[in-house]
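pasting the sequence and the predicted coordinates here, then a few questions.
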Amino acid sequence: MQRLSLCNSMHLKHRVMGPGSGIVAMLSGWIAIAVVGLGTSSGQSLDELADGQRDATEAIQAALNESHGFVELPPGKFRISRPLVIHLPDDGPFELRGRATSTLQMFGPGPAIRIEGTHFKSADPAGFSEQIWQAERMPTLQGIAIEGKHAQADGIEAVGTMQLTLSRLHIRKVRHGVRLVENNRNILFANCHIYECSGVGILYDDVNLHQSNIIGCHVSYCGGGGIVSRGGNVRNIHITGCDIEGNMSPDQDPTANILIDCRGSEYGTAEVAITGCTIQHSDAAAGSANIRIIGQSDPTVGGVSNREGNITISGNVLSDVKTNVHLESCRGVTLTGNTFWMGFEHNLLVTKSSHIIMGPNNFDRNPRYAYGHSQDAKNRILIQDCEDCTLVGIHISDINHDQPAVTLQRCQRMNVSALTILDSEIGLYLDDVSSSVFTGCLIRNSRSSDRAQRLVVAGGFDNIFDASLQP
């Protein structure tokens with residue numbers, strides 16, 4: 001039978017002893033239910049398996065299967081060799097909890113924990129069966145550490161879930177920290193540490209997923225990207241108050257701390273807010289970016305190509321990569337109130353996009369950061385092959401290379417106003433730009449230079465310049 005024993009901290013612990021009957025215990029004002037049939041060949045308690053030496057897979061899986069929805073792991077290290085499966089129709093609603101000192105060490109391939117639900121529809125209330133609300137809603141994992149001990153070990157995988165809640169988790173040395181597949185809805189990540197993965201920290205893997213919040217998390221040093229959405233049908237990602245850094249490797253393909261790649265999908269990823277985060281490192285990786293959004297999803301009605309977007313990037317601190325923000329084939333992105341520095345190739349690179357609002361942002365070169373090779377950072381802004389965009393209130397200084405501070409190339413119907421461009425060899429460079437308006441700009445270089453130019457215009461037609469840009 002499963003015997004519930006009281007430990008010193010007044011929590012319940014499981015002991016697996018063989019077939020028996022259920023027990024109901026009342027402790028500290030709440031009821032814990034233990035269910036029969038947890039027989040294992042070891043007859044050992046989870047406490048006895050918390051040494052990290054003996055395989056605890058069978059015992060933990062038995063506890064998950066027979067717990068009627070709640071398992072708390074005692075302190076210690078638990079060696080597992082295959083995924084622990086929480087099958088919500090049978091086991092839920094479910095919470096698996098640790099005490100921050102409970103560690104799962106995954107010695108086999110696949111996720112340490114796989115959560116399986118049966119909801120493969122939207123979040124529209126009309127699409128839910130009563131089964132979801134009775135047995136599958138809000139599966140919760142909290143207070144657990146997961147360590148990978150196999151090259152193909154992942155942290156957590158979720159499929160078919162509704163309201164998955166991941167809180168106070170520590171995931172380290174796995175391939176992918178959290179992998180979301182097939183269909184999920186209304187996911188909440190909060191206060192999690194995802195560190196040093198060989199793959200991706202949080203991976204939206206060709207998933208159909210609307211409504212997910214990532215709040216107050218550290219996602220760091222994952223070689224394949226920090227938060228990555230590839231393909232799928234993804235809407236309503238909110239990333240806020242996170243520290244996201246170093247999620248790229250010199251030995252892997254170019255990636256980003258936050259990467260959204262809509263290619264190969266009819267729907268892509270859209271309706272995203274990235275707010276109030278520090279996002280940084282590392283310029284040592286080829287093609288590295290802090291935020292990279294490739295919005296070109298597959299053609300739909302009439303074979304018309306789509307540019308995904310409806311994205312807000314606001315109030316972030318961005319530094320120390322090849323390109324701080326890279327937007328390609330996007331429509332409807334608002335970029336405002338951010339602080340940029342140490343973009344070794346570009347602070348901002350926007351290509352093949354439209355309806356991009358680049359509002360007040362600070363692109364400074366602060367002498368406080370004049371160490372190492374920081375002076376090699378070009379910090380340029382390049383807007384290329386774009387139309388119907390607004391640049392207003394951008395402040396950029398000290399572009400001390402031969403390249404222009406701000407370049408617009410092959411663009412049309414651009415509204416550019418109130419730019420402040422200081423102490424740069426070439427302030428504003430317009431190459432084949434047409435049908436655009438330039439007003440109220442301050443472009444000054446206080447350094448003596450025979451090559452200094454405020455404005456260079458090459459080609460283009462039907463542009464309007466106000467007095468601020470006259471000789």
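Sure thing, it's come through. Predicted model only: the values in this text are computed from it and were never measured.

can you count the residues close to residue 447?
Residue 447 sits with 11 neighbouring residues when counted by other C-beta atoms under 10 Å. (Each C-beta comes from the backbone N, C-alpha and C, glycine too.)

what's the closest non-adjacent residue to it?
residue 423 (5.7 Å; C-beta to C-beta, 6 or more residues apart in numbering).

residue 347 now?
Leaving aside its chain neighbours, residue 347 sits nearest to residue 340 (4.4 Å; criterion: C-beta to C-beta, 6+ apart).

so what's the one you found up against?
The neighbours of residue 340, taking C-beta atoms under 8 Å, 6 or more residues apart in numbering as the test, are 318, 319, 324, 325, 347, 348, 361, 362, 363, 364, 379.

need those in CSV (columns: distance to residue 307).
CSV is the format used below for the contacts of residue 340 (distance: C-beta to C-beta, whole Å):
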residue, distance to residue 307
318, 23
319, 28
324, 21
325, 16
347, 22
348, 18
361, 22
362, 27
363, 25
364, 30
379, 27
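
of all those residues, which comes closest to residue 470?
residue 363 (24.6 Å; C-beta to C-beta).

residue 208 is in contact with residue 233, isn't it?
Yes - the pair residue 208 / residue 233 is scored as a contact, 4.4 Å apart, by C-beta atoms under 8 Å.

burial of the residue nearest to residue 447, as a residue count?
Residue 423 has 18 nearby residues by other C-beta under 10 Å.

got it, and the one 5 residues further on?
A total of 24 residues lie near residue 428 under the criterion other C-beta under 10 Å.

again, but for residue 418
Neighbours of residue 418 using other C-beta under 10 Å come to 16.

show me the contacts for it.
392, 393, 394, 439, 440, 441 are the contacts of residue 418 under C-beta under 8 Å, 6+ apart.

and residue 378, that's in a strand?
No - Residue 378: not assigned to a strand; according to DSSP: H, G, I helix; E, B strand; the rest coil it is coil.

any idea how far it is from residue 323?
10 Å (C-beta to C-beta, to the nearest Å).

now do the contacts for residue 278.
242, 243, 244, 245, 316, 317.

out of those residues, which is nearest to residue 203?
residue 244 (13.9 Å).

nearest residue to residue 92 other than its sequence neighbours?
Using C-beta to C-beta, 6+ apart, the closest residue to residue 92 is residue 135 (4.5 Å).

from memory the one you found sits against residue 86, does it?
No - applying C-beta under 8 Å, one finds residue 135 not in contact with residue 86, separated by 11.5 Å.

looking at those two, which is more packed in?
More neighbours surround residue 86 than the other of residue 135 and residue 86, with 26 against 20 (other C-beta under 10 Å).

quick one, what contacts the more buried one?
Residues in contact with residue 86 (C-beta under 8 Å, 6+ apart) are 64, 92, 94, 96, 113, 114, 115, 116, 139.

CSV for those, including secondary structure?
Formatted as CSV, the contacts of residue 86 follow (three-state DSSP):
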residue, secondary structure
64, helix
92, coil
94, coil
96, strand
113, strand
114, strand
115, strand
116, strand
139, coil
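
could you pick out the longest strand of this structure?
If you go by DSSP state E, the chain has its longest strand at strand 200-215.

what pairs with the next helix or strand after that one, parallel or antiparallel?
Following strand 200-215 in sequence order, the next helix or strand is strand 218-220 (DSSP states H and E). In the sheet, strand 218-220 lines up against strand 193-195 (parallel), strand 243-245 (parallel) (DSSP bridges).

just send the contacts of residue 418 back as JSON lines, with neighbour count too.
Formatted as JSON lines, the contacts of residue 418 follow (neighbours: other C-beta atoms under 10 Å):
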{"residue": "392", "neighbour count": "16"}
{"residue": "393", "neighbour count": "17"}
{"residue": "394", "neighbour count": "26"}
{"residue": "439", "neighbour count": "16"}
{"residue": "440", "neighbour count": "15"}
{"residue": "441", "neighbour count": "22"}
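
ok, so of those, who is nearest residue 176?
Proximity of the contacts of residue 418 to residue 176, judged by C-beta to C-beta, is greatest for residue 394, which lies at 36.6 Å.

ok, and the closest non-adjacent residue to the closest one?
residue 419 (5.2 Å).

with residue 65 instead?
Using C-beta to C-beta, 6+ apart, the nearest residue to residue 65 is residue 91, at 6.5 Å.

dump the residue contacts of that neighbour.
Contacts of residue 91 by C-beta under 8 Å, 6+ apart are 64, 65, 67, 68, 69.

what does stretch 190-197 contact?
Stretch 190-197 is contacted from outside by 148, 155, 165-178, 201-202, 213, 215-224, using C-beta under 8 Å, 6+ apart.

quick one: average confidence on that stretch?
Averaged across stretch 190-197, the pLDDT comes to 99.

can you check stretch 222-242 too?
The model assigns stretch 222-242 a mean pLDDT of 98.

which stretches of this protein have low pLDDT?
1-43, 448-450, 471 (pLDDT under 70).

nearest the geometric middle of it, what residue?
residue 227 (2.4 Å; C-alpha atoms, centre = their mean).
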